[in-house]
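**Student:** Sequence below, structure please.
(one chain, ligands or ions: 1)
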Amino acid sequence: MTDVIKIEGGHKLKGRVRIDGSKNATVALIPATILANEPVTIYGVPDISDVGALTTILNFLNVTVERKENGDLIIDPTNMKNTPLIEDSVTQLRASYYFMGALLGKYGRAEIKMPGGCDLGPRPIDLHIKGFEALGATVSYEQGNYVIEAKELIGNSIFLDIASVGATINILLAAVYAKGRTTINNAAKEPEIIDVATILNKMGANIRGAGTNEITIDGVEALGGCQHEIIPDRIEAGTYIILAAAAASEVIVENIIPLHLESLISKLNEMGVDMTIDIDKITIRESKNLKAIDLQTNTYPGFATDLQSPFATLMTQANGTSHIVETIYKERFKAISQLQRMGAQATIQNGRAEINGPVQLFGGSVKATDLRCGAALVIGGLLAEGVTEIRDIYHIDRGYANIDEKLTNLGAKIWREKI
Ligand code: EPU
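**Tutor:** Residues are numbered from 1 along each chain as shown. All right, here's what the predicted structure looks like:
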């Protein structure tokens with residue numbers, strides 16, 4: 001027996017939807033809290049399965065986690081023990097690799113199984129490892145486990161060949177207790193990195209430049225507790241905005257930071273989507289005659305690779321031929337292959353996709369090959385004639401809190417079944 005999501009398409013969406021705290025910030029903030037020697041409270045934690053997996057890992061480390069009804073987490077690392085993280089739960093999500101930097105930073109040793117996550121093609125962690133080594137650690141890999149050790153971590157100047165989100169955060173975590181100054185050049189600039197630097201600074205770290213391509217970390221002796229509110233999820237927000245552009249009569253997406261969504265908003269404007277942007281919300285109205293456009297994914301503030309798949313579904317409704325160039329993860333076009341099963345007219349070649357529209361999508365049985373593919377298929381299901389069945393929905397539950405409830409409140413016909 002397996003759970004599937006079913007959607008009866010063709011119902012125009014109307015109403016308000018509130019965006020939760022950022023998944024990709026949450027999955028870094030939780031490991032960051034273990035650097036403290038006192039309890040840390042995080043507000044606005046989304047109700048997603050990745051949080052459960054990280055809680056299990058914290059429990060292995062003898063860190064207590066209290067989850068309030070409203071989602072707030074109180075994480076207490078006071079009695080923490082540096083246990084090897086070699087259980088299978090570590091491989092459930094990619095972000096478990098942030099325990100590498102955090103444990104190395106706090107104890108000078110991390111032993112951890114190779115992390116998992118969405119299959120988006122090869123996802124090396126060479127830059128994380130080079131960063132740890134630059135701080136004085138030795139890294140070995142035996143029988144599926146990494147052992148990262150250092151007698152003493154010493155600040156250094158690190159240049160990242162690629163502006164990697166994961167490597168930037170992992171080096172930050174490892175460097176907060178290192179002796180002296182660490183600089184990360186060609187650092188990633190994503191808002192989630194600013195959020196991680198902010199919580200660490202509240203705990204007592206000395207980090208400057210997060211959000212630019214040069215981050216400086218001056219090592220400190222001890223970190224204490226703090227309280228922190230997670231930034232809104234720009235990818236969840238983007239997904240609901242795209243979904244509204246495709247299938248709404250009028251939808252208001254609340255609790256957003258429009259600045260984090262600039263590249264998306266400019267592409268929607270180019271397509272002719274009718275919307276009004278306020279300080280912390282955006283209203284999207286039904287748009288007729290959407291225009292085909294071209295887009296290329298890029299690191300922040302470029303167009304997010306995570307929104308590429310949902311956007312591809314919207315492109316099936318635009319007049320003419322749209323093009324996508326994917327520069328971050330080549331396997332991200334798996335969603336388009338699934339959309340083709342629902343009637344999308346598309347070709348994929350050499351990291352480029354061409355999508356012709358408008359077409360009437362039709363319901364069928366499709367598979368969420370990764371989290372954002374799942375989002376693309378949900379939008380497809382809302383637009384399709386008939387009922388769409390989406391399988392492998394555990395991917396969707398890793399990143400979209402209460403998606404059925406949020407969409408039902410907007411007037412969608414969406415439900416779960418066991419098959
Ligand atoms: N890369 C390397 N070596 C490394 C690290 C990265 O070659 O050591 C390459 C990757 O293969 C990729 C590029 O650099 O081609 C960018 O990877 P990055 O490290 O920035 O991505 P990530 O940290 O693995 C995070 C998000 C992803 C999101 C990307 C890009 C988390 C937990 N994950 O991944 O989110 O797509 O940044 O913005 O923060 C998702 O939410 O669905 C998701 C996959």
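**Student:** For residue 14, give me its contacts.
**Tutor:** Contact analysis of residue 14 by CB atoms under 8 Å, 6 or more residues apart in numbering lists 248, 249, 250, 251, 410, 411. C-beta here means a position set from N, CA and C on the backbone, and glycine is covered the same way.
**Student:** tell me the mean pLDDT for whatever helix or strand it lives in?
**Tutor:** Here residue 14, judged by DSSP states H and E, is contained in strand 13-18. Across strand 13-18, the average pLDDT comes to 98.
**Student:** Who's the closest spatial neighbour of residue 366, skipping the chain neighbours?
**Tutor:** The shortest distance from residue 366 to any residue that is not its chain neighbour, by CB to CB, 6 or more residues apart in numbering, is 4.6 Å, and that residue is residue 338.
**Student:** Hmm, the one you found is touching residue 374, no?
**Tutor:** No - with contact defined as CB atoms under 8 Å, residue 338 does not reach residue 374; the gap is 9.5 Å.
**Student:** Who has more neighbours out of those two?
**Tutor:** Counted by other CB atoms under 10 Å, residue 338 and residue 374 do not tie: residue 374 has more neighbours, with 31 against 24.
**Student:** Pipe the contacts of residue 14 into JSON lines and attach neighbour count per row.
**Tutor:** Shown next, in JSON lines, are those (neighbours: other CB atoms under 10 Å):
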{"residue": "248", "neighbour count": "24"}
{"residue": "249", "neighbour count": "14"}
{"residue": "250", "neighbour count": "15"}
{"residue": "251", "neighbour count": "25"}
{"residue": "410", "neighbour count": "23"}
{"residue": "411", "neighbour count": "16"}
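**Student:** Please identify the residues of the stretch 201-350 of the chain in proximity to the ligand?
**Tutor:** Residues of the stretch 201-350 of the chain that fall close to the ligand, judged by CB under 6 Å from any ligand atom: 235, 305, 306, 328, 329.
**Student:** Give me the next element, helix or strand, following the helix or strand harbouring the first one.
**Tutor:** Following DSSP H and E, one finds residue 235 within helix 234-247. Downstream of helix 234-247, the first helix or strand assigned by DSSP H and E is strand 248-254.
**Student:** pLDDT of the helix or strand that that next one is followed by, averaged?
**Tutor:** The C-terminal neighbour of strand 248-254 among helices and strands, as given by DSSP H and E, is helix 262-271. In this model, helix 262-271 carries a mean pLDDT of 98.
**Student:** If you count contacts, what does the next helix or strand after helix 262-271 end up packed against?
**Tutor:** Following helix 262-271 in sequence order, the next helix or strand is strand 274-277 (DSSP H and E). Other helices and strands packing on strand 274-277, by 3 or more CB pairs under 8 Å, 6 or more residues apart in numbering; DSSP states H and E, are helix 262-271, strand 281-285.
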